[in-house]
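*Asks:* Please find the sequence and the predicted model below.
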Amino acid sequence: ALRAIAGFDRRAALGAIDVPTLCLAGAHDRTAPPDVMQRMAARIPGAEYTCLADAGHIANVEQPVAFNAAVVAFLQRHFL
């Protein structure tokens, strides 16, 4: 299972995403660091990138108010 995860790379497919996308990072996330998430957003057409201060990998638990605000704002811009 670890080999499968380590070898999983779908970066080439990011440009084919054609739905509104929010790439949300926690400023202290070491699993999906902000610079990686920002690069991911840059490869997805029209994607938005947001970085939450004082959050790590579980931003929705660590900074629930900021996380919810970012997600709600994104949803309002694109779907409501």
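*Replies:* Done, it's in. From a predicted model like this one, the values you see are computed outputs, not experimental measurements.

*Asks:* Could you use CA atoms for every contact and neighbour count after this?
*Replies:* OK.

*Asks:* what's the spacing between the residue nearest the centre of the chain and Q63?
*Replies:* Central residue of the chain (Cα atoms, centre = their mean): C23, 2.5 Å from the mean position. Per Cα to Cα, to the nearest Å, C23 is found 16 Å from Q63.

*Asks:* ok, D29 touching D54?
*Replies:* No. Using Cα atoms under 8 Å, D29 makes no contact with D54, being 9.5 Å away.

*Asks:* buried ones in the lowest-mean-pLDDT helix or strand in the chain?
*Replies:* Across the helices and strands of the chain, mean pLDDT, DSSP states H and E gives its lowest value to helix 2-7, namely a mean of 78. By neighbour count on 16 or more other Cα atoms under 10 Å, the buried set for helix 2-7 is empty.

*Asks:* Give me the helices and strands touching that helix, please.
*Replies:* Using 3 or more Cα pairs under 8 Å, 6 or more residues apart in numbering; DSSP states H and E as the contact test, no helix or strand touches helix 2-7.

*Asks:* Report how many residues lie close to N68.
*Replies:* Residues near N68, counting by other Cα atoms under 10 Å, number 13.

*Asks:* Excluding chain neighbours, give the residue nearest to it in space.
*Replies:* N60 (7.3 Å; Cα to Cα, 6 or more residues apart in numbering).

*Asks:* Show residues contacting the lengthiest helix in the chain.
*Replies:* In terms of residue count, the longest helix belonging to the chain (DSSP state H) is helix 64-78. For helix 64-78, contacts defined as Cα atoms under 8 Å, 6 or more residues apart in numbering pick out 20, 22, 50, 52, 59-60.
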